[in-house]
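Q: build the 3D model from these lines:
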Amino acid sequence: MPLNVKVTLVTLVVALLVVNISIYDKEQHLAHGQVVYLELAPVDPRSLMQGDYMALRFQLQQKVYQALPKTVPDESRPWRQAITVADGLAVVKLDERKVATFEALYEDQPLAENELLLQYRVRHGRIKFATNAFYFQEGHAGLYQDARYGRFRVDEQGELLLVGLNDEALNVLTSLPD
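A: Residues are numbered from 1 along each chain as shown. As a prediction, the model looks like this:
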């Protein structure tokens, strides 16, 4: 067998292995991650439903943003503050319904029994948790108009995966397999 065919086959096997390991990891995350609910932040109703997806923002984003250190890049416009740090972890407290509220930025402090870590990312000066959109089948926007919480699965590293949307009483509006 020529060398270039061997290299191609080995590359293909390695690529398939990497993809399958990633899929397995996400399936384990969905199956065994802790359920957490993040309250949705109000958005302009005209931009809430855009085609076949819903734009998502979370109350927690604003709390994390307020806690992060900032700089004033232009002295003549002090209202334009920039975040000085990048990605990190937020400590959240879970109530009896597993709804998360912001406690602090994580700085290696011990966590209480009802606290856990959530990863956040800073992109273009904004805080992001897992995703900023929820995709649904075209024509089904009305199913999600009562959404008040995003339901997530969280792993030990604080990585979030969105699995559905819930209403005020935490009733499932939509669901991926839990």
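Q: just the helices in this structure please.
A: 3-32, 45-48, 59-67 (DSSP state H).
Q: can you list the buried residues in stretch 114-121?
A: Within stretch 114-121, the residues that count as buried by 16 or more other Cβ atoms under 10 Å are Glu115, Leu116, Leu117, Leu118, Gln119, Tyr120. Heads up, the C-betas are built off the backbone N, CA and C, glycines and all.
Q: again, but for stretch 137-146
A: Buried-residue list, stretch 137-146, by 16+ other Cβ under 10 Å: Ala141, Tyr144.
Q: where do the strands sit along this structure?
A: With strands called from DSSP state E, the chain shows them at 34-39, 49-50, 53-55, 70-71, 82-83, 88-94, 100-105, 115-123, 126-128, 133-135, 149-154, 160-166, 172-175.
Q: re earlier: closest to Asn166 among the buried residues of stretch 114-121?
A: Using Cβ to Cβ, Leu118 is the member of those that sits closest to Asn166, with 17.2 Å.
Q: now that closest one: how far from Val85?
A: For Leu118, the distance to Val85 equals 16 Å [Cβ to Cβ, to the nearest Å].
Q: give me the neighbour count for Val64.
A: A count of nearby residues for Val64, using other Cβ atoms under 10 Å, gives 23.
Q: actually, Glu27.
A: Glu27 has 11 neighbours, counted by other Cβ under 10 Å.
Q: per-residue confidence for it?
A: At Glu27, the model reports a pLDDT of 78.
Q: measure it to Val13 for me?
A: According to Cβ to Cβ, Glu27 stands 21 Å off from Val13.
Q: I'd like the buried residues of stretch 114-121 as a markdown table, with pLDDT appended.
A: Output for these, formatted as a markdown table (pLDDT from 0 to 100):
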| residue | pLDDT |
| --- | --- |
| Glu115 | 96 |
| Leu116 | 94 |
| Leu117 | 96 |
| Leu118 | 97 |
| Gln119 | 96 |
| Tyr120 | 94 |
